[in-house]
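# return a 3D structure for these sequence lines:
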Amino acid sequence: MEFSEKDNPTFDPDAPKIKNFHLFDFNFKYNIVQSEDAVKLYSRQAILAFSILFSVLAGGILTAINAKKMGSKKGAWISVLYSILYIFVFLLILSPFKTNTGITFFVNGIGGLCLSNIIWGKYIGKETQYKPKAIWIPLIVCLFMVIIMVWAILASGEMANM
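You can find the predicted model right below:
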């Protein structure tokens, strides 16, 4: 699904435009507008941050919510399926090795970059102008899940075996 200026009634011709959209694009200010009428989406930066700090699945869910809001059910499904497959493949690849937090953050960062750049570009639109949506609800949900996982690990006595 291709998007253009006419797809967005709040199009701002003065907003910074994205020129090249590739995997290692770290300029997250493109296409952000402050208009109250603009569509509210979780930002590319939020997707990358959630992918790194929580999991690629968290970033995939945010991307899926954005894609669905933009009318791309296919993009929503691909975001979630990509995230699950990405986690599964890297668990298989990294399971024989003793990994640390740095490696996990790096691997999650690569997955998050794919979500925030490649999948965003294809299913949300490279030229889509948006207003960043507040991340409080996803942040609270993710932190709650981390607390439950830490509690479960501590309760099971697994920390003693690490």
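# packing partners of the helix or strand of the chain with the lowest mean pLDDT?
Lowest on mean pLDDT, DSSP states H and E among the helices and strands of the chain sits helix 101-113, with a mean of 91. Judged by 3 or more CB pairs under 8 Å, 6 or more residues apart in numbering; DSSP states H and E, the packing partners of helix 101-113 are helix 44-53, helix 56-69, helix 73-94. Quick note: C-beta positions are derived from backbone N, CA and C, even for glycine.
# tell me which residues are up against the first one.
In this structure, residues lying in contact with helix 44-53 by CB atoms under 8 Å, 6 or more residues apart in numbering are 28, 58-60, 62-63, 66, 105, 108-109, 111-113, 115-117, 120, 132-133, 135, 138, 142.
# how far off helix 56-69 does it point, in degrees?
Here the directions of helix 44-53 and helix 56-69 differ by 150 degrees (axes from the mean of the first three to the mean of the last three CA atoms, to 10 degrees).
# what mean pLDDT does helix 44-53 have?
The pLDDT scores in helix 44-53 average 95.
# over to the second one?
Helix 56-69 shows a mean pLDDT of 97.
# okay, it in PDB with CA atoms only?
Taking Å, rounded to 0.1, in the frame of the first residue of the first chain, the C-alpha atoms of helix 56-69 are listed here in PDB:
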ATOM      1  CA  VAL A  56      11.300  -7.100  19.500                       C
ATOM      2  CA  LEU A  57       7.700  -8.300  20.200                       C
ATOM      3  CA  ALA A  58       6.900  -5.100  22.200                       C
ATOM      4  CA  GLY A  59       8.200  -3.000  19.200                       C
ATOM      5  CA  GLY A  60       6.300  -5.300  16.800                       C
ATOM      6  CA  ILE A  61       3.000  -4.700  18.700                       C
ATOM      7  CA  LEU A  62       3.500  -0.900  18.600                       C
ATOM      8  CA  THR A  63       4.200  -1.200  14.900                       C
ATOM      9  CA  ALA A  64       1.200  -3.400  14.400                       C
ATOM     10  CA  ILE A  65      -1.000  -0.800  16.200                       C
ATOM     11  CA  ASN A  66       0.300   1.900  13.900                       C
ATOM     12  CA  ALA A  67      -0.200  -0.200  10.800                       C
ATOM     13  CA  LYS A  68      -3.800  -1.000  11.700                       C
ATOM     14  CA  LYS A  69      -4.500   2.600  12.500                       C
END
